[in-house]
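> Fold the following for me, if possible:
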Amino acid sequence: MRKVLIISYTFPPSPGIGGRRWAKFAKYLSDNNEVFVLTTKDNSEKVSPWNKDILELENENKVVRIKRGAVKYIETTPRTIIRKIFYRATLLWIKTFNKGNPYDRGTLIKSAILQEAISLVKKHKIKNIIISAPPFGYLVELLNIKKQFPEVNMIADFRDPWTNNKTAFGFDVLASKRFLFEKEQEKKVIDGYDYIISVSEQMTNHFRALLDDDNQSKCLTVANGFDPEDNGINNITDNYSDKLKFIFTGTLYNKTAYVYNNLLDYLIHLKKNDENLYKQLIFEFYGDVPKDFEQKANRVETVKIGGKIDMSEVYKKISESHICMLFLTRDLNYSRSTKFYEYLNLGKPIAVFGEKGETATYIEQNKVGYAMDERGIAESFAKIVKDWKLDMLPDVGKISITDFSIKVISSQLDQILVD
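Below you'll find the predicted structure:
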């Protein structure tokens, strides 16, 4: 049986969405492989909605966790004076020895992860290692495994872009010298790993462009997807009330303000000019939202901010809605997040807010929702309301989503593993 080591900074019981991808893949890869996981220890008492997916691995003692140490001081935005002091001191300390991105959490724990990974490879004679990023800071360090074990099949997995990331991880504000260092690190990883996988074809093409023609085939797209074992389409409770209900779940990012502000402005305008239609619309947001969104939304009674709720409750809320919302940043208008696939699995049409891109094109071409361009929100809502009143909202149940199943997608990973 093939042996696989998955290295993922975030993993259940840590509740972060970053752990979801490899918790799911680990579950299905275990059907045909012996899987081990190396991750970090989250000291919070939060509960991951994906704990159930790793029960078997936990019971077999195949999940190894190392302490995060000083990383905890830069992981979240500090709220208190003491935390701000620790944050700035840690950041200053990192800048003294890290030539690249000081916000990269992988920098502080890369040596500990390398040491533990080598120990696991020796102990279990592991031939396949999959390293999930971000963080990116440990990817180059882990190439040292190749020096000691050249036969090991090394796979780098990217959930987010690296140096072409304009949304997160501080790349948009890096000094030019630090940014160039990150570019060098990225090139080393793309050259050194046996396979480079990423969640979208646009990201894959970026990495292919860093290689000569003969090596581009090692860059593959392994998308996100839905888990057929989660609460699926058969559990939906239709809710055809006298109000048209929209729902958003997850994290609403600051860099989508260019479009969520347009939505709120439209609703404020509607409240003044078409109160009848205004009262027919409901918008519910569950998860994390920016402060500026919350403050502005308080002026709009038809918008409800529900905070974080349990995953089973999330599915229930989705089932009770008519349309699910996605908000895309300008640079990630091709993104098909976990929510994208889960919305389709739950049989709900999608309203994607953002600049036109691959995601909006897919939604329109496959007739599974509406593309809400920032300049045409009023026209889009007129179309949605008309379809709703005529009982003609997109019937997502008519399209096949089998290819979006993580169980199916896992077969792509099986094909690049070695014995």
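> Torsion angles phi and psi at the residue nearest to Ala223 when sequence neighbours are not counted?
The shortest distance from Ala223 to any non-neighbouring residue, by CB to CB, 6 or more residues apart in numbering, is to Val199 (5.6 Å). For the C-beta atoms, the positions are set from N, CA and C on the backbone; glycine is no exception. Here is the backbone geometry of Val199 (degrees, to the nearest 10): phi -80, psi -10.
> Relative to Ser132, how far out is Val199?
Distance, Val199 to Ser132, by CB to CB, to the nearest Å: 11 Å.
> hey, what's in contact with both of these two?
Arg21, Arg159 (CB atoms under 8 Å, 6 or more residues apart in numbering).
> what about the helices in the stretch 151-300 of the chain?
Per DSSP state H, counting those that start in this stretch, the stretch 151-300 of the chain has helices spanning 176-192, 201-208, 257-273, 275-278, 291-297. These are given in chain order.
> looking at the ones you listed, which is buried most?
helix 201-208 (a mean of 19; mean count of other CB atoms under 10 Å).
> so can I have TSV of the helices of the stretch 151-300 of the chain showing distance to Ala371 and mean pLDDT?
Below are those laid out as TSV (distance: least, CB to CB, whole Å; pLDDT from 0 to 100):
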stretch	distance to Ala371	mean pLDDT
helix 176-192	32	96
helix 201-208	17	95
helix 257-273	11	93
helix 275-278	21	90
helix 291-297	21	93
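> how about JSON lines for those, with distance to Ile416 added?
Below are the helices of the stretch 151-300 of the chain laid out as JSON lines (distance: least, CB to CB, whole Å):
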{"stretch": "helix 176-192", "distance to Ile416": "16"}
{"stretch": "helix 201-208", "distance to Ile416": "14"}
{"stretch": "helix 257-273", "distance to Ile416": "37"}
{"stretch": "helix 275-278", "distance to Ile416": "52"}
{"stretch": "helix 291-297", "distance to Ile416": "41"}
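> Grab the nearest non-local neighbour of Ala378.
Ala378 sits nearest to Tyr266 (CB to CB, 6+ apart), 5.9 Å away.
> Which residues does stretch 94-105 contact?
9, 68, 71, 74-75, 91, 107-108, 134-137, 169-171, 174, 177-178, 181-182, 185.
> Extract the C-alpha set from stretch 386-398 and format it as CSV.
Output of stretch 386-398 as CSV, limited to C-alpha atoms (Å, rounded to 0.1, in the frame of the first residue of the first chain):
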residue,chain,number,x,y,z
LYS,A,386,-38.8,38.7,-12.2
ASP,A,387,-37.6,35.1,-12.4
TRP,A,388,-38.6,34.5,-8.8
LYS,A,389,-42.1,35.8,-9.3
LEU,A,390,-42.5,33.6,-12.4
ASP,A,391,-41.1,30.6,-10.5
MET,A,392,-38.3,30.5,-13.0
LEU,A,393,-35.2,30.7,-10.8
PRO,A,394,-32.4,28.5,-12.2
ASP,A,395,-33.0,24.8,-11.5
VAL,A,396,-29.6,23.7,-10.4
GLY,A,397,-30.8,20.1,-9.9
LYS,A,398,-30.8,19.7,-13.7
